[in-house]
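Enquirer: Build me a model from this:
(one chain, ligands or ions: 1)
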Amino acid sequence: MKGHVDKDLCIGCGLCPDICPEIFRMDDDGKAIAADEEIPDDVLDSAKDAESQCPVEAIKIE
Ligand code: SF4
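Expert: Alright, predicted model coming up:
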């Protein structure tokens, strides 16, 4: 599974890199970006937390 951020929806709140810094970081444009890599099993729970807590539902884990 991989993480994906819809930058058109992201409001740059910074929550997802706080919750799951292994996968999410803030890009130069102030929006979040997800690492283009398979999410390791031990990181999947926190990545899914970020997905569910994003206030604008911009994150998809699939
Ligand atoms: S939690 Fe959602 S709105 Fe906030 S930075 Fe991450 S993707 Fe953007």
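Enquirer: Contact partners for residue 34?
Expert: Under the criterion of Cβ atoms under 8 Å, 6 or more residues apart in numbering, the neighbours of residue 34 are 2, 3, 4, 5, 23, 24, 59. Where C-beta positions appear, they are placed from N, C-alpha and C, glycine not excepted.
Enquirer: and this protein, which residues reach the ligand?
Expert: 5, 10-16, 32, 54-56, 58-59 (Cβ under 6 Å from any ligand atom).
Enquirer: Now intersect the contacts of residue 34 with the strands, please.
Expert: 3, 4, 5, 24, 59 (DSSP state E).
Enquirer: Need the contact partners of the top helix by length along the chain.
Expert: Using DSSP state H, we find that the single longest helix of the chain is helix 41-53. Counting contacts by Cβ under 8 Å, 6+ apart, the residues outside helix 41-53 that touch it are 1, 3, 15-16, 19-20, 22-24, 39, 59-61.
Enquirer: same thing but 10 Å
Expert: Applying Cβ atoms under 10 Å, 6 or more residues apart in numbering, the set of residues contacting helix 41-53 from outside is 1-5, 13, 15-24, 32, 34-35, 38-40, 57-62.
Enquirer: Quick check: buried residues in it?
Expert: 43, 44, 46, 47, 48, 50, 51 (16 or more other Cβ atoms under 10 Å).
Enquirer: What of stretch 13-29?
Expert: Of all the residues in stretch 13-29, those buried under the rule 16+ other Cβ under 10 Å are 13, 15, 16, 17, 19, 20, 23, 24.
Enquirer: of all the residues you listed, which two lie farthest apart?
Expert: Every pair in the buried residues of stretch 13-29 was compared (Cβ to Cβ); the two farthest apart turn out to be 13 and 23, at 16.0 Å.
Enquirer: sorry, back to before: so which of the buried residues of stretch 13-29 belong to strands?
Expert: residue 24.
Enquirer: would you turn the buried residues of stretch 13-29 into TSV with pLDDT?
Expert: Supplementary listing: the buried residues of stretch 13-29 in TSV, determined by pLDDT from 0 to 100:
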residue	pLDDT
13	98
15	98
16	98
17	98
19	98
20	98
23	98
24	98
